[in-house]
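K.L.:
What follows is a predicted protein model with its sequence.
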Amino acid sequence: MPALGSSSSLARRAKSFEPVSGIDIAGLCFAGAIVLGALILLLIRYQPKWAKTRGAAVMSRRGVEKDGPQTEKSEANFDLQNQSTKSREQSVKLPEKVLHRPPRMQTNEDVINYHRQSGTFPKPFSFALSAGSSSESIKGGGDRQSFMSHKSRFSVISSNTSSSVDLNPTLGNVRKVRQVFDPVLPDELLLTRPGEKLTLVQSFDDGWCLVGREGGGAHNSTNAKLCLFKQNVTVPPGDSNVELGVVPAWCFVKPPPGLRAERPIRSTSLGLTWIVVDSKVYDLSRFAGMHPGGLSVLLDEEVAGQDATNAFFSLHRYEVLLKPQYSRLQIGVVADEEQQIFPRAIGALSKVPYAEPTWLTEGYYNPYFKNHHRRFQAAFRKFVEEVLLPDAQAREEDGKRPSQSVFDEMAKQNLIAMRLGPGKHLKGRVLMGGLVKAEEFDYFYELIMAQEVARMNARGYYDGSGGGTYIGLPPVMNFGKRAIRDKVIEDVFSGKKFICLAISEAFAGSDVAGLKCHAKRVKDGRDGWIKWITNATFSDYFTVGCRNDQGGMVVLLIERQEGVETKPIKTSYSTTAGTGYITFDNVFVPYENTLGSDNGGLQVILSNFNHERWGMACGSVGAQRYIVEECLKWATQRQVFGKPLTSQPVIRSKLAAMIARVESAQNWIENVTYQMTHMSYKEQATHLAGQIAFVKKYCTETAQETARDAVQASFLDPLFE
């Protein structure tokens with residue numbers, strides 16, 4: 001077994017840490033010398049070629065500096081503070097000379113051939129005016145490149161632009177594009193001759209371009225403002241010349257006819273710059289890498305540098321353009337073109353069919369709603385869209401509770417009190433700045449509020465902005481002792497404190513009689529524990545259903561104090577609703593905080609169920625109508641197979657079913673509301689309990705069906721952009 005013995009020998013040798021011999025060291029040094037010598041030989045061989053390729057000048061962060069024996073500074077001194085952080089130290093290469101047009105040379109090709117033969121044709125300008133193909137090798141040592149014909153007229157961002165990338169280590173990753181443009185120049189770069197054109201020689205990642213133009217004595221003109229170009233060339237009388245210079249890349253974005261730019265168009269290494277949507281010009285340079293659909297969508301030949309109105313609206317809602325992160329991308333407008341699509345004004349009614357109930361639709365009559373209802377609806381929708389909606393979208397995004405400023409505004413208009421419906425709690429209050437009289441306020445006002453708030457497309461925020469108050473405060477108002485009632489009502493109506501209803505737990509949801517939370521009578525108070533409910537995480541008061549010592553049910557008003565702990569619970573909608581788990585650990589509750597009688601807790605809890613169920617049905621119908629509106633707009637706007645979605649029979653069938661459901665639910669809820677306005681609280685409990693339960697069941701079931709149809713028909717995609 002010699003192999004085993006050899007392994008043992010190696011192991012013993014390794015453990016002994018024997019020093020490396022001198023022969024090993026000498027071998028390593030010899031190998032290193034060979035590698036170093038090879039590197040030096042490569043440097044000596046290729047250095048002249050690299051130097052020649054670099055040209056005669058480089059633009060660095062210090063300005064434009066000459067190569068070789070020339071040390072003078074160029075007139076052009078560029079401010080590079082605003083360049084991309086990806087800029088390289090040597091990015092823009094200027095050729096050594098300006099080409100003069102010899103006598104009797106009529107074409108650019110003649111000029112190029114003349115200077116090639118004389119050996120005076122510098123690089124990289126050698127690529128500028130030659131219309132070579134990808135298989136043509138440029139004489140004079142030029143690399144193989146592919147260029148567009150100088151007669152072509154494409155945008156630099158067009159996918160049809162023929163270009164190539166030179167990975168020369170000195171030039172860096174430089175994209176060379178040959179194209180003639182009518183440039184958009186700032187005031188200091190105005191071209192002085194009508195019809196004059198510049199040729200883009202090279203574009204660079206740091207946002208600068210090497211350009212050339214045919215002269216003709218323009219540098220001698222007193223009006224010449226091309227300050228970035230070489231101006232000190234003496235031209236023989238009658239001769240023309242070609243001037244070279246460096247300008248920002250955005251100068252060479254081909255604009256739509258009559259573009260009136262409000263700020264410069266930028267350019268990136270991708271070549272992507274602008275699109276036109278409904279007569280507005282948007283610069284996508286900084287947004288390209290963040291586009292949810294990927295860069296390929298923006299580089300499509302029907303999008304990049306084009307009027308992309310149809311393409312845009314086949315994929316987006318108009319409201320996307322109104323968001324701050326996108327509206328700031330607008331840089332100008334197209335002159336002599338007018339905007340064709342306008343957003344609905346804040347607070348205005350929608351013109352989309354079936355987007356509004358019949359009582360708000362022109363040409364229809366309604367026996368329930370009066371002019372004062374219509375005035376309130378207009379004012380409240382404006383309030384929702386100006387105050388609630390911006391905060392709702394932000395809070396749905398970050399999951400935080402509604403902003404205190406929103407509650408302050410709601411309290412200022414007494415909207416918190418109004419959301420609880422008509423009653424004595426409104427007496428003496430100025431409602432909506434005096435627009436509504438307390439004695440006129442009825443359940444139709446509350447119906448309007450529920451349906452307008454539901455239009456925010458923010459279900460969690462809908463509950464977080466007052467859902468706990470809507471179901472938690474009525475038991476206090478109707479069954480609390482006067483001192484407690486007055487204090488809590490004012491705290492909540494001021495928007496400074498919050499309340500929730502805590503009657504749900506693991507063993508009891510709709511089965512309220514199954515509550516297991518226990519409250520024990522002690523001297524001057526009660527003691528109890530455990531609860532679970534919406535709005536718990538930020539509530540200051542808790543309306544709690546408990547079991548007492550006799551096995552009956554009692555309802556207590558518990559303030560947040562020592563022993564009361566809440567923690568958030570993740571649900572299927574936004575955490576802005578504040579859903580949480582509440583634990584009561586030996587919490588002392590004064591006897592005065594009992595709502596109703598000792599064994600009358602079930603009556604206290606059930607007394608508000610009719611109002612709660614009715615309110616849920618109202619909000620559900622409002623949300624369904626909003627979905628119908630968005631689906632109708634999207635089905636008309638979205639193009640498939642070259643036609644709008646509405647041209648598809650299956651889509652029209654789904655739309656018809658959605659409209660029928662929302663209209664039937666609206667009429668039912670209006671009828672029930674009318675009955676409520678003519679019945680007392682006790683009469684409602686006697687006659688409307690069944691009707692309200694049925695209408696709630698119907699509205700929530702149709703909501704699921706409407707949501708299903710909308711999703712299956714790909715209607716809801718733009719709602720969540």
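P.N.:
Great, that's in hand.
K.L.:
need the next SSE after the strand or helix carrying Glu670, C-terminal direction.
P.N.:
Taking DSSP states H and E as the criterion, Glu670 maps to helix 649-677. Following the chain from helix 649-677 toward its C-terminal end, the next helix or strand by DSSP H and E is helix 681-687.
K.L.:
what is the mean pLDDT for that next one?
P.N.:
Taken as a whole, helix 681-687 has an average pLDDT of 90.
K.L.:
do stretch 344-359 as well
P.N.:
Average pLDDT, stretch 344-359: 94.
K.L.:
ends of it, how far apart?
P.N.:
In terms of CA to CA, to the nearest Å, the two terminal residues of stretch 344-359 are separated by 19 Å.
K.L.:
And for that stretch, what's in contact with it?
P.N.:
The contact list for stretch 344-359, computed with CB atoms under 8 Å, 6 or more residues apart in numbering, reads 360, 364, 366, 368-369, 373-374, 378-379, 381-382, 385-386, 451, 625, 628-629, 632-633, 659, 662-663, 666, 670. Heads up, the C-betas are built off the backbone N, CA and C, glycines and all.
K.L.:
So among the residues you listed, which ones count as buried?
P.N.:
360, 369, 373, 379, 381, 385, 451, 625, 628-629, 632-633, 659, 662-663, 666, 670 (16 or more other CB atoms under 10 Å).
K.L.:
Go through those and flag which are in helices.
P.N.:
Judged by DSSP state H, helices contain the following of the buried ones among the contacts of stretch 344-359: 373, 379, 381, 451, 625, 628-629, 632-633, 659, 662-663, 666, 670.
K.L.:
Of those, which pair is most distant in space?
P.N.:
Ala379 and Ile659 (27.6 Å; CB to CB).
K.L.:
Quick check: Cys500 is in a strand.
P.N.:
Yes. Counting by DSSP: H, G, I helix; E, B strand; the rest coil, Cys500 falls inside a strand.
K.L.:
Return the set of residues that bridge with it.
P.N.:
As for beta bridges, Cys500 partners with Phe542 under DSSP bridges.
K.L.:
quick one: contacts for it?
P.N.:
The contact partners of Cys500, by CB under 8 Å, 6+ apart, come to Gly468, Ile471, Gly472, Ile533, Thr534, Asn535, Ala536, Ser539, Tyr541, Phe542, Thr543.
K.L.:
Correct me if wrong: Gly332 contacts Val276.
P.N.:
No. Distance between Gly332 and Val276: 9.5 Å, which falls outside the contact criterion (CB atoms under 8 Å).
K.L.:
Give me the distance between the closest residue to Leu557 other than its chain neighbours and Val492.
P.N.:
On the basis of CB to CB, 6 or more residues apart in numbering, the spatially nearest residue to Leu557 that is not a chain neighbour turns out to be Asn593, at 4.4 Å. Applying CB to CB, to the nearest Å, one obtains 15 Å for the distance of Asn593 from Val492.
K.L.:
Assign Tyr581 to helix, strand or coil.
P.N.:
strand.
K.L.:
okay, now it: neighbour count?
P.N.:
Counted by other CB atoms under 10 Å, the residues lying close to Tyr581 total 16.
K.L.:
Show me what it is bridged to.
P.N.:
Residues in a beta bridge with Tyr581, per DSSP bridges, are Trp532, Lys567.
K.L.:
Tell me how many other residues crowd Gly294.
P.N.:
By other CB under 10 Å, the residues close to Gly294 number 10.
K.L.:
whoops, Gly460 was the one
P.N.:
Gly460 sits with 23 neighbouring residues when counted by other CB under 10 Å.
K.L.:
doesn't it fall inside a helix?
P.N.:
Yes. Using three-state DSSP, the secondary structure at Gly460 is a helix.
K.L.:
coming back round to it: would you mind telling me which of Asn593 and Val492 has more residues around it?
P.N.:
Each of Asn593 and Val492 has its neighbours counted (other CB under 10 Å); Val492 has more, 27 against 21.
K.L.:
residues in contact with that one?
P.N.:
When contacts are counted by CB under 8 Å, 6+ apart, Val492 is found next to Ile416, Thr469, Leu473, Phe498, Ile499, Tyr541.
K.L.:
Return the closest of the ones in helices among the buried ones among the contacts of stretch 344-359 with respect to Gln306.
P.N.:
Closest approach between these and Gln306, by CB to CB: Lys633, at 24.2 Å.
K.L.:
So the closest one is in contact with Phe313, correct?
P.N.:
No. With contact defined as CB under 8 Å, Lys633 does not count as touching Phe313 (10.2 Å).
K.L.:
Gln615 is in contact with Ala450, isn't it?
P.N.:
No Gln there; residue 615 is Gly. Yes. A contact is recorded between Gly615 and Ala450 when judged using CB under 8 Å, the distance being 5.7 Å.
K.L.:
okay, and for the stretch 51-200 of the chain, where does confidence drop off?
P.N.:
Flagging of the stretch 51-200 of the chain using pLDDT under 70 yields the residue ranges 51-112, 115-116, 119-200.
K.L.:
Torsion angles phi and psi at Arg328?
P.N.:
When read as degrees, to the nearest 10, the backbone of Arg328 gives phi -70, psi -10.
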